[in-house]
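A.B. asks: One predicted model, sequence on top.
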Amino acid sequence: MSGDSREKVLKDFSVSEKTAERLDILVAELAKWQRIKNLVGPATLDQVWSRHVADSLQLAELAPQGTKTWLDLGSGAGFPGLVLAILGAEVDFHVTMVESNARKCAFLRHVTRLTGASATIYAERLEVIIPKMVGKTDVLTARALASLEQLLQWTKPLFDNRTSALFPKGRDVQTELMAAAKRWDISYEIIPSRIDAESSIVRISSIKPL
Ligand SMILES: C[S@@+](CC[C@H](N)C(=O)[O-])C[C@H]1O[C@@H](n2cnc3c(N)ncnc32)[C@H](O)[C@@H]1O
């Protein structure tokens with residue numbers, strides 16, 4: 001991680017001093033835990049501010065106004081869920097994270113305690129938690145978890161009038177959308193990533209089986 005990258009991310013996303021302190025804690029703890037727990041791809045740790053923090057922060061800007069509840073599936077080391085929960089400590093929204101790996105959940109809980117992030121963490125498989133979250137979620141997220149088709153299959157019960165999804169996707173976004181469109185009638189928008197020219201965020205507002 002370079003100091004420049006940190007400053008640029010904080011400036012680009014107009015991050016407050018308090019939130020910056022909390023993000024610093026997340027980044028410092030990730031570096032410590034990474035040595036023994038291998039929480040993220042080792043090659044990405046050098047660019048943690050741009051590859052992980054900024055990539056997560058950009059989702060907050062895409063949520064509908066008044067969003068109060070987020071559900072992040074397969075949160076890993078907290079991207080995007082924990083970054084959003086750190087923002088939530090200041091702007092009054094709450095993030096539920098679901099992650100089946102126990103050591104990653106220990107990290108998520110540890111950093112949540114240190115930062116006061118607005119988070120609930122389930123160390124469970126998402127298949128178990130999703131039925132319990134029906135009617136409780138404004139915005140769904142899942143980064144690097146599964147294909148769009150699989151994500152829609154899992155999350156279908158969660159979509160109602162108020163729920164939308166923000167799924168970061170890579171260069172195969174069109175292929176994934178075509179595969180998903182064979183099974184689902186989807187209302188969606190593709191939003192270019194602010195971080196990586198080859199990536200985008202698929203914002204889904206409704207789905208219906210065909
Ligand atoms: C490739 S990682 C991505 C982590 C994080 N979202 C990111 O982008 O850095 C996928 C994560 O999803 C978790 N996962 C996979 N299948 C899951 C399931 N069925 N329920 C809950 N978590 C799951 C894995 O343990 C892993 O941490």
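C.D. replies: Yes, it's here.

A.B. asks: gap between the one residue sitting closest to the centre of the chain and Ile195?
C.D. replies: The C-alpha lying nearest the average C-alpha coordinate of the chain belongs to Pro80 (Cα atoms, centre = their mean; 2.6 Å). Between Pro80 and Ile195 the distance is 12 Å, computed by Cβ to Cβ, to the nearest Å. Every C-beta, even on glycine, is put in place using the N, C-alpha and C of the backbone.

A.B. asks: overlap in contacts of these two?
C.D. replies: Counting by Cβ atoms under 8 Å, 6 or more residues apart in numbering, the contacts common to Pro80 and Ile195 are Asp55.

A.B. asks: still on that earlier bit, model confidence at the residue nearest to the centre of the chain, what's the number?
C.D. replies: Predicted confidence (pLDDT) for Pro80: 98.

A.B. asks: moving C-terminal of the longest helix along the chain, what's the next helix or strand?
C.D. replies: When the chain is scanned for its longest helix (criterion: DSSP state H), the result is helix 17-37. Where DSSP states H and E defines the elements, the next helix or strand beyond helix 17-37 is helix 55-60.

A.B. asks: The closest residue to the residue nearest to the centre of the chain other than its chain neighbours and Glu198, how far apart?
C.D. replies: Distances taken as Cβ to Cβ, 6 or more residues apart in numbering put Ser56 closest to Pro80, at 3.3 Å, once the chain neighbours are dropped. Going from Ser56 to Glu198 by Cβ to Cβ gives 18 Å.

A.B. asks: Ala123 contacts Phe107, doesn't it?
C.D. replies: No. The pair Ala123 / Phe107 is not scored as a contact, 11.1 Å apart, by Cβ atoms under 8 Å.

A.B. asks: These two - which one has more neighbours?
C.D. replies: Neighbours around Ala123 and Phe107, counted as other Cβ atoms under 10 Å, are more numerous at Phe107. The numbers are 26 against 16.

A.B. asks: ok, Lys169 - contacts?
C.D. replies: 148, 176, 199-202.

A.B. asks: ugh, typo on my part, it should be Arg51
C.D. replies: So Arg51 contacts 44, 195 (Cβ under 8 Å, 6+ apart).

A.B. asks: still on that earlier bit, can you lay out the contacts of Lys169 as a markdown table showing distance to Gly76 and neighbour count?
C.D. replies: A markdown table is the format used below for the contacts of Lys169 (distance: Cβ to Cβ, whole Å; neighbours: other Cβ atoms under 10 Å):
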| residue | distance to Gly76 | neighbour count |
| --- | --- | --- |
| Leu148 | 18 | 25 |
| Glu176 | 20 | 19 |
| Ser199 | 17 | 16 |
| Ser200 | 20 | 19 |
| Ile201 | 17 | 22 |
| Val202 | 19 | 20 |
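
A.B. asks: and which of these is nearest the ligand?
C.D. replies: Nearest to the ligand out of the contacts of Lys169 is Ser199 (Cβ to the nearest ligand atom; 11.7 Å).
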